[in-house]
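Asker: model the following, please.
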Amino acid sequence: MGSEDDAISIAVRLMIHYVGDIHQPLHDTSRVDYQYPNGDFGGNTVPLPPKDGVTELHALWDSVGYEFPGYASLPFSDANWTRNG
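Answerer: Alright, predicted model coming up:
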């Protein structure tokens with residue numbers, strides 16, 4: 001069983017995730033229309049011209065407009081917090 005600090009850490013991480021999802025409309029909606037009769041899966045099936053590894057609308061939004069494309073290297077370390085460029 002984890003400690004109280006572990007429980008607080010998990011709770012804070014979930015809160016950050018939920019607040020982020022609220023502000024990321026593609027996590028909370030699915031376009032359903034004649035083009036996407038089964039929904040667009042939160043923009044995952046809306047193609048875009050490839051740029052910096054981003055190929056669909058959801059990835060564009062998650063990358064903050066191509067600012068942070070790709071996926072983070074896990075687990076995080078101190079080196080992950082520096083940014084070049």
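Asker: now the strands for the protein?
Answerer: 47-51, 54-56 (DSSP state E).
Asker: Ala7 is nearest to which of those strands?
Answerer: Ala7 lies closest to strand 54-56 among the strands of the chain, at 35.8 Å (CB to CB). Any C-beta I mention is one placed from the backbone N, CA and C, and that applies to glycine too.
Asker: so what touches that closest one?
Answerer: 43-48, 60, 63, 66, 69 (CB atoms under 8 Å, 6 or more residues apart in numbering).
Asker: coming back round to it: select, out of the strands of the chain, the one closest to Asp78.
Answerer: Here strand 54-56 is closest among the strands of the chain (CB to CB), at 27.2 Å.
Asker: so in that sheet, which strands flank that closest one, and in what orientation?
Answerer: Applying DSSP bridges, strand 54-56 is found paired with strand 47-51 (antiparallel).
Asker: chain center to the partner strand, what's the gap?
Answerer: 17 Å (CA atoms, centre = their mean, to the nearest Å).
Asker: repeat that for stretch 45-65.
Answerer: 11 Å.
Asker: stretch 58-69 now?
Answerer: Worked out by CA atoms, centre = their mean, stretch 58-69 lies 8 Å from the chain centre.
Asker: hmm, back to that, and of the contacts of strand 54-56, the nearest to Ser3?
Answerer: Ser63 (35.1 Å).
Asker: what's the neighbour count on that closest one?
Answerer: Per other CB atoms under 10 Å, the neighbour tally for Ser63 reads 16.
Asker: please list all residues in contact with the closest residue to it other than its chain neighbours.
Answerer: Nearest residue to Ser63 in three dimensions, chain neighbours excluded: Pro69, at 4.4 Å (CB to CB, 6 or more residues apart in numbering). Pro69 makes contact with 52-54, 59, 63, according to CB under 8 Å, 6+ apart.
Asker: just the buried residues of those.
Answerer: 54, 59, 63 (16 or more other CB atoms under 10 Å).
Asker: isn't the last one right up against Asp52?
Answerer: Yep, that's Ser63 we're talking about. Yes - between Ser63 and Asp52 there is a contact under CB atoms under 8 Å: 7.5 Å.
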